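Trainee: Got a sequence here, can you build the structure:
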Amino acid sequence: MALSKSLSDIFSILEDLPDFYGITISSIDTIGNFGNTPLGVMSSRGDLNSVRVLLENGADINHHGDGGYTPLHEAAGRGYIYVVRFLLERGADPREVDDDGLTPRQIALHCGNLLVADLIDGFNQV
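Mentor: Below you'll find the model as predicted:
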């Protein structure tokens, strides 16, 4: 398995998922069927390598997709601590709220991801 994916590899993977079914991804921040960008979807899947490539190519790190979730909300809710750390280190705003007024930290707590919530706390204090 290759350690590094190209942007076209990532787009090909995404176009086979329900999020982008029937959509040709023409830019880094193309909006999918459920309001998410490629970065939001790959964050929700815990795909750190794809997240890295997307950010290196200018993806919007704080885009609000389905339910107002940012990529950080997506990763925090699923407990993908390495993706959460990477997003925070690259400037994801942990104070962003979803459509219900919840931050990524609150989503992590709600989902039982205590280590993720603690990690976000550390970035909130900086």
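Trainee: Same question for the helix ranked longest in the chain: list its buried residues.
Mentor: If you go by DSSP state H, the chain has its longest helix at helix 114-124. For helix 114-124, a neighbour-count test (16 or more other Cβ atoms under 10 Å) marks V116, A117, L119, I120, F123 as buried. In this view, the C-beta of every residue, glycine as well, is placed from N, C-alpha and C.
Trainee: Look at the closest residue to the second one other than its chain neighbours and give its secondary structure.
Mentor: By the measure of Cβ to Cβ, 6 or more residues apart in numbering, the closest residue to A117 outside its immediate chain neighbours is A108, 4.3 Å from it. Following DSSP: H, G, I helix; E, B strand; the rest coil, the label given to A108 is helix.
Trainee: residues in contact with A108?
Mentor: Counting by Cβ atoms under 8 Å, 6 or more residues apart in numbering, A108 touches A76, G77, G79, V84, L114, V116, A117, I120.
Trainee: Next one: it from I10, what distance?
Mentor: Using Cβ to Cβ, to the nearest Å, A108 is found at 25 Å from I10.
Trainee: and H64, backbone torsions?
Mentor: phi -90, psi 120 (degrees, to the nearest 10).
Trainee: thinking it is in contact with D98, fair?
Mentor: Yes: taking Cβ atoms under 8 Å as the definition, H64 is a contact partner of D98 at 7.5 Å.
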